[in-house]
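# Based on what follows, work out the 3D shape:
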Amino acid sequence: MAYTGWLYSGKEQDIYMSIKIGLVMDPLPSINVKKDSSFAMMLAAQKLGWEIHAIYQDDMYSDNAEARANSRIVRVMDDSQHWFDIVSEQDIELSSLDTILMRKDPPFDIEYITSTYLLELAEQDGCLVVNSPASLRDNNEKMFIAQFPQCCAPFLVSRNKKRLRDFVEQRYQQAQQDVILKPLDGMGGASIYRVNPQDPNLSVILETVSNDGKRTVMAQQFIPEITEGDKRVLLIDGEAVPYALARVPASGETRGNLAAGGTGVGVELSERDRWICRQIGPVLKKQGILFAGIDIIGDYLTEINITSPTCIRELDNIYSLDIAGDLMRCIESHLS
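Residues are numbered from 1 along each chain as shown. Here you go, the predicted model:
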């Protein structure tokens, strides 16, 4: 399906004024407003006249079976010196909000899981939670690709050091390629290693990345096209934005992550990119994942990010898009 953006339903503006949106996010004083996708969502919601509630992870709690939180109603400004004002603070029932966006960055730890339980209580009471709390729990962002093997380069998931070593040797013998090792719970390019059988440090790297066999690791065949960038493709309700941000590694690096020094370059989706999105989109839609960011290197899917996908502001600036606005209109269509 061609990307057309999301259109308003035709409701009057005063109905938009009644929409209350909460964002569970990192503390507002700590965000980089020039790059933060959650902030872009807040700006888009405010433009529609919605009431914006900023909620931090430690604000949420359950009073018996009622999910509640200390909430800050905020006004936001696209100003890197002064980007928000707190209008008021109050303790609220989470289900009093029309929709809540779970935008807390990983780590995906027990505190994150507990937050999904609390959000699920609000969901059961009629609040639209984006993304679905159950889907956030069920789909590890690296393991999620196992549902789409037709889109992926060869990979292995294990914490057994011998099995991981065998995979490294196999890929080198069969494809003359190195292997990327990364922990399943990593983010931002942290603890990612490129190895081959001749690496004199292979044993210690396997010990380190797997915590000596106590932490599960994903091993993926190295994709040489990383030099052209690790493409982040955003999908709204299963439909791809037609442009991606190719995160090109710094000189001497194999990681394209912006947090690891990569440079973002805008690119139009290739036909292969669109094909991958068509494989994934219906599954995202079925699972209540309204906003996702998939990573593609060369012709291959490498990750599916559903916790707190980024790159909205960069793509908006390059192509004059309104991705966050499109997401808000999508959410509005699910509320009607």
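# next structured bit after the helix or strand of the chain with the lowest mean pLDDT?
In the chain, no helix or strand scores lower on mean pLDDT, DSSP states H and E than helix 13-17, which sits at a mean of 45. Tracing the chain C-terminally past helix 13-17 and defining elements by DSSP states H and E, one meets strand 20-24 next.
# helices or strands up against that following strand?
Counting contacts by 3 or more Cβ pairs under 8 Å, 6 or more residues apart in numbering; DSSP states H and E, strand 20-24 packs against helix 37-47, strand 51-55, strand 99-102. In this view, the C-beta of every residue, glycine as well, is placed from N, C-alpha and C.
# Please convert the ones you listed to TSV, extending it with mean neighbour count and mean pLDDT.
Output for the helices and strands packed on strand 20-24, formatted as TSV (neighbours: other Cβ atoms under 10 Å; pLDDT from 0 to 100):
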stretch	mean neighbour count	mean pLDDT
helix 37-47	23	98
strand 51-55	22	98
strand 99-102	24	98
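# Let me have the ones you listed in a markdown table, extended by distance to Glu314.
Below are the helices and strands packed on strand 20-24 laid out as a markdown table (distance: least, Cβ to Cβ, whole Å):
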| stretch | distance to Glu314 |
| --- | --- |
| helix 37-47 | 9 |
| strand 51-55 | 22 |
| strand 99-102 | 19 |
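# of all these, which lies closest to Arg194?
The minimum distance between Arg194 and the helices and strands packed on strand 20-24 falls on helix 37-47, with 28.1 Å, by Cβ to Cβ.
# okay, the angle between that closest one and strand 51-55?
150 degrees (axes from the mean of the first three to the mean of the last three Cα atoms, to 10 degrees).
# Against which helices or strands is helix 37-47 packed?
Using 3+ Cβ pairs under 8 Å, 6+ apart, helix 37-47 sits against strand 20-24, strand 51-55, strand 66-76, helix 312-319, helix 323-335.
# Now do the longest one and helix 37-47, the angle between them.
This points to helix 323-335. Using the same axes, to 10 degrees: helix 323-335 against helix 37-47 is 60 degrees.
# buried ones in helix 323-335?
By 16 or more other Cβ atoms under 10 Å, the buried positions in helix 323-335 come out as Ile323, Ala324, Gly325, Asp326, Leu327, Met328, Arg329, Cys330, Ile331, Glu332.
# before we move on, the earlier item: just put the helices and strands packed on helix 37-47 in a markdown table and tack on distance to Val204.
Formatted as a markdown table, the helices and strands packed on helix 37-47 follow (distance: least, Cβ to Cβ, whole Å):
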| stretch | distance to Val204 |
| --- | --- |
| strand 20-24 | 38 |
| strand 51-55 | 42 |
| strand 66-76 | 44 |
| helix 312-319 | 36 |
| helix 323-335 | 42 |
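# among the ones you listed, which is nearest Gly126?
It's helix 323-335; of these, that one is closest to Gly126 (Cβ to Cβ) at 10.3 Å.
# For the closest one, list the C-alpha coordinates in PDB.
Presented in PDB, the C-alpha positions along helix 323-335 are these (Å, rounded to 0.1, in the frame of the first residue of the first chain):
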ATOM      1  CA  ILE A 323       5.300  11.900  10.800                       C
ATOM      2  CA  ALA A 324       4.200  12.600  14.400                       C
ATOM      3  CA  GLY A 325       1.100  14.400  13.100                       C
ATOM      4  CA  ASP A 326       0.300  11.400  10.900                       C
ATOM      5  CA  LEU A 327       0.600   9.200  14.000                       C
ATOM      6  CA  MET A 328      -1.700  11.400  16.000                       C
ATOM      7  CA  ARG A 329      -4.300  11.200  13.200                       C
ATOM      8  CA  CYS A 330      -3.900   7.500  13.200                       C
ATOM      9  CA  ILE A 331      -4.500   7.400  16.900                       C
ATOM     10  CA  GLU A 332      -7.600   9.600  16.500                       C
ATOM     11  CA  SER A 333      -9.000   7.200  14.000                       C
ATOM     12  CA  HIS A 334      -8.600   4.300  16.500                       C
ATOM     13  CA  LEU A 335     -10.500   6.400  19.100                       C
END
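# ok, the buried residues of helix 323-335 vs Gln81, which is closest?
Closest to Gln81, out of all of these and judged by Cβ to Cβ, is Ala324, at 21.3 Å.
# so how far is Arg313 from Ile306?
Distance, Ile306 to Arg313, using Cβ to Cβ, to the nearest Å: 19 Å.
# same thing with Tyr243?
On the measure of Cβ to Cβ, Tyr243 and Arg313 end up 13 Å apart.
# Gln221 and Gln177 touch, don't they?
Yes - here Gln221 reaches Gln177: they are 5.2 Å apart, a contact under Cβ atoms under 8 Å.
# Need the overlap of contacts for those two.
Arg171 (Cβ atoms under 8 Å, 6 or more residues apart in numbering).
# These two: who's more crowded?
A count of neighbours by other Cβ atoms under 10 Å puts Gln221 above the other of Gln221 and Gln177, at 21 against 18.
# Just grab the bridge partners of the more buried one for me.
Assessed by DSSP bridges, Gln221 has beta-bridge partners Val179.
# Contact partners for it?
Gln221 touches Ala153, Pro154, Phe155, Arg171, Ala175, Gln177, Val179, Ile180, counting by Cβ under 8 Å, 6+ apart.
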